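In: Generate a structure from the sequence data that follows.
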Amino acid sequence: MTQFTLTNPTLRPELNPLIEVNRLVKGYKLPGGKSLNVLENIDFTLYEGEIVALLGKSGSGKSTMLRILAGLIPPTQGHLRYRSQTVNGSLSGVAMVFQSFALMPWLTVQQNVELGLEAQGVPRKERARRAVEAIDLIGMDGFEGAYPKELSGGMRQRVGLARALVVQPDTLFMDEPFSALDVLTAENLRNEIIELWMKGQFPAKAILIVTHNIEEAVYLADRIVVLGSNPGRLRAVIKNDLPHWRDRKSAEFTGLVDQIYQIMTHPEVDVDDLLVAYRERQNRESGKPALEAEAGNGLEEPEQIAQALLGSDSEVAQYFRLPQAKVDGMSGLLEYLDENAPEGRDDIYRLADELHFEADDLLPITDALDLLDLAEIKNGDITLTETGRIFAKSDLEPRKEIFRQQLLGRIPLAENIYRALSVKENHRLEAVFFREVLQRRFTAQEAERQLETLIYWGRYAELFEYDADDEILFLPVQESPAN
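Out: Numbers count the residues shown, from 1 in each chain. The predicted structure follows:
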């Protein structure tokens with residue numbers, strides 16, 4: 001099978017650089033003066049004559065990076081250069097196509113396409129001529145006078161593409177442009193773009209496309225940039241030398257897809273090592289394990305509990321970001337592997353294809369199973385652990401007990417929340433307290449997602465209960481020491 005090598009993204013001497021960033025960092029301020037980086041230490045260059053796919057899980061900062069490269073939002077650190085010149089502000093040589101078609105419903109197709117030219121002050125006759133040419137280029141001739149409500153999703157996206165290309169940009173940026181379309185329409189549009197590109201009829205000199213679809217990236221791109229998460233960092237830059245038209249069923253194509261799945265699913269750090277580091281830090285800072293449940297330990301004040309819950313090392317704490325996975329999905333995947341996969345093992349790429357899952361749908365489930373030690377992710381494969389196999393074969397109550405033990409043994413934050421409830425005299429804490437604690441490590445939106453996942457997992461395991469009306473977390477009666 002062809003070996004696909006990782007490449008240095010800055011060493012492309014045969015091509016002219018269009019857009020460059022070095023040591024890019026993008027961070028946001030959190031309550032209390034802390035900051036959270038969503039992108040960190042990124043070096044990237046986009047060259048003339050190439051299609052580049054920016055690939056990563058949800059939350060990896062793909063769209064943020066795209067907007068920084070377009071000059072729409074400023075970086076916290078690093079410099080943006082366009083044709084070797086440092087710039088501040090939007091780049092005139094960049095046009096964008098979005099996931100949402102972003103058409104003006106009161107304007108016709110031609111009027112929508114002319115918008116960018118009108119903003120540039122192009123005279124009316126010239127606007128009309130260029131708009132008609134762009135509409136013809138993307139196969140929409142005959143619909144110049146139609147309104148968006150008369151068009152299908154694929155036709156609306158063609159109008160968005162024509163609107164971007166009519167200004168004859170150096171670079172076309174596309175932010176998940178096919179994700180809102182049905183499978184056949186999306187495939188048709190990809191093929192039309194590649195056809196125009198191969199014939200030399202594409203107005204832009206380079207394309208940068210954000211996607212979460214690995215097959216789409218391999219089908220379209222000459223280079224594939226894989227971002228890690230929390231914060232977004234360059235995991236790999238892969239050169240794709242497969243010739244167009246690319247055969248999705250070929251060994252070379254599936255081999256590259258499989259390699260990228262391995263990169264995206266391989267843990268960036270070892271969870272066991274992080275658990276050890278987490279507990280060692282707790283012992284070092286407090287002199288004993290945090291939140292011992294015995295009476296009289298003195299951890300009644302909110303600040304003391306908060307410190308014990310999360311510690312002071314934000315980099316370690318962030319690695320315990322919980323995947324947004326439901327127990328039903330985890331249970332279903334464990335059952336499927338137990339019943340259908342030889343020795344409980346399957347290739348994640350093939351598994352996604354069998355189950356008709358996108359990467360963003362399947363990877364949170366596999367990440368959660370790996371985090372809870374119900375499955376192991378290695379080299380692009382998922383394998384049931386012995387605990388996962390027992391879970392798959394068990395009834396509901398034994399499953400809950402297994403899940404409870406995995407939460408207590410593998411998720412420090414869940415364990416410490418349980419202990420926090422244990423040391424409170426009434427074994428109750430308001431959810432807002434945990435929300436505020438989580439906001440010391442995450443954005444408000446991510447803190448809310450993390451809390452929702454913690455509550456969902458904890459309630460399933462009967463680790464604690466939750467009163468949604470009063471937003472109170474509390475121990476079940478049988479768990480209260482006084483009972």
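In: Run a quick neighbour tally on residue 36.
Out: 19 (other CB atoms under 10 Å). The C-beta positions use only the backbone N, C-alpha and C, and glycine is treated the same way.
In: Wait, a strand at it?
Out: Yes: counting by DSSP: H, G, I helix; E, B strand; the rest coil, residue 36 is found in a strand.
In: Would you confirm that it contacts residue 440?
Out: No: using CB atoms under 8 Å, residue 36 is not in contact with residue 440; the gap is 9.9 Å.
In: mean confidence score for the helix or strand harbouring residue 174?
Out: Secondary-structure element containing residue 174, defined by DSSP states H and E: strand 171-175. The predicted model assigns strand 171-175 a mean pLDDT of 91.
In: same for it, what does it pack against?
Out: Judged by 3 or more CB pairs under 8 Å, 6 or more residues apart in numbering; DSSP states H and E, strand 171-175 is in contact with helix 62-69, strand 94-97, strand 206-211.
In: Make a markdown table from these and add mean pLDDT to it.
Out: Below are those laid out as a markdown table (pLDDT from 0 to 100):
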| stretch | mean pLDDT |
| --- | --- |
| helix 62-69 | 90 |
| strand 94-97 | 88 |
| strand 206-211 | 93 |
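In: I'd like these as TSV, with distance to residue 444 and mean neighbour count appended.
Out: Below are those laid out as TSV (distance: least, CB to CB, whole Å; neighbours: other CB atoms under 10 Å):
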stretch	distance to residue 444	mean neighbour count
helix 62-69	17	21
strand 94-97	27	22
strand 206-211	24	24
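In: mind putting these in CSV, distance to residue 188 included?
Out: Formatted as CSV, the helices and strands packed on strand 171-175 follow (distance: least, CB to CB, whole Å):
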stretch, distance to residue 188
helix 62-69, 24
strand 94-97, 16
strand 206-211, 16
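In: just for this structure, where's the confidence low?
Out: In the prediction, the chain carries residues with pLDDT under 70 at positions 1-14, 30-33, 184, 265-320, 359-360, 477-483.
In: Swap in 50 and give it another go.
Out: For the chain, applying pLDDT under 50 flags the ranges 1-13, 267-304, 306-308, 310-319, 482-483.
In: name the element the residue nearest the centre of it belongs to?
Out: Centroid check for the chain by CA atoms, centre = their mean gives residue 58 as the closest residue, at 1.6 Å. Taking DSSP H and E as the definition, one finds residue 58 inside no helix or strand.
In: So it versus residue 446, what's the distance?
Out: Per CB to CB, to the nearest Å, residue 58 is found 11 Å from residue 446.
In: for residue 197, same thing?
Out: Distance from residue 197 to residue 446, by CB to CB: 37 Å.
In: leaving aside the residues next to it on the chain, what's closest to residue 207?
Out: residue 51 (4.4 Å; CB to CB, 6 or more residues apart in numbering).
In: quick one, what contacts the one you found?
Out: 197, 206-209, 220-223 (CB atoms under 8 Å, 6 or more residues apart in numbering).
In: May I see the residues you listed organised as CSV, with distance to residue 474 added?
Out: What follows is the contacts of residue 51, written out as CSV (distance: CB to CB, whole Å):
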residue, distance to residue 474
197, 60
206, 57
207, 54
208, 50
209, 48
220, 52
221, 51
222, 56
223, 52
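In: for the residues you listed, which one is nearest residue 459?
Out: Comparing the contacts of residue 51 against residue 459 with CB to CB places residue 209 closest, at 40.0 Å.
In: That closest one pairs with what?
Out: On the basis of DSSP bridges, residue 209 is bridged to residue 53, residue 174.
In: that older thread, now for residue 58 and residue 446: what residues contact both?
Out: Counting by CB under 8 Å, 6+ apart, residue 58 and residue 446 have no contacts in common.
In: so residue 91, which of the three states?
Out: coil.
In: nearest residue to it other than its sequence neighbours?
Out: Nearest non-adjacent residue to residue 91 (CB to CB, 6+ apart): residue 71, at 4.5 Å.
In: Wait, a helix at that neighbour?
Out: No: checked against three-state DSSP, residue 71 lies outside a helix; its state is coil.
In: any idea how far it is from residue 400?
Out: Going from residue 71 to residue 400 by CB to CB gives 52 Å.
In: what about the strands in the stretch 351-483 of the chain?
Out: With DSSP state E, counting those that start in this stretch, the ranges of strands along the stretch 351-483 of the chain come out as 375-378, 381-384, 428-430, 465-467, 472-474.
In: and the ones you listed as CSV, adding distance to residue 172 and mean neighbour count?
Out: Listed next are the strands of the stretch 351-483 of the chain as CSV, based on distance: least, CB to CB, whole Å; neighbours: other CB under 10 Å:
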stretch, distance to residue 172, mean neighbour count
strand 375-378, 35, 19
strand 381-384, 36, 21
strand 428-430, 49, 16
strand 465-467, 47, 15
strand 472-474, 49, 19
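In: how about those strands in TSV, adding distance to residue 102?
Out: What follows is the strands of the stretch 351-483 of the chain, written out as TSV (distance: least, CB to CB, whole Å):
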stretch	distance to residue 102
strand 375-378	37
strand 381-384	38
strand 428-430	41
strand 465-467	39
strand 472-474	41
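In: Among those, which comes closest to residue 256?
Out: Nearest to residue 256, of these and by CB to CB, is strand 381-384 at 16.7 Å.
In: what comes into contact with that closest one?
Out: 265, 334, 337-338, 341, 343-348, 351, 366, 369-370, 374-376, 392.
In: one more time with 10 Å
Out: 258, 261-262, 265, 333-334, 337-338, 341, 343-351, 362, 365-366, 369-370, 374-377, 388-392 (CB atoms under 10 Å, 6 or more residues apart in numbering).
In: which residues does residue 152 contact?
Out: Residue 152 makes contacts with 158, 181-182, 185, as judged by CB under 10 Å, 6+ apart.
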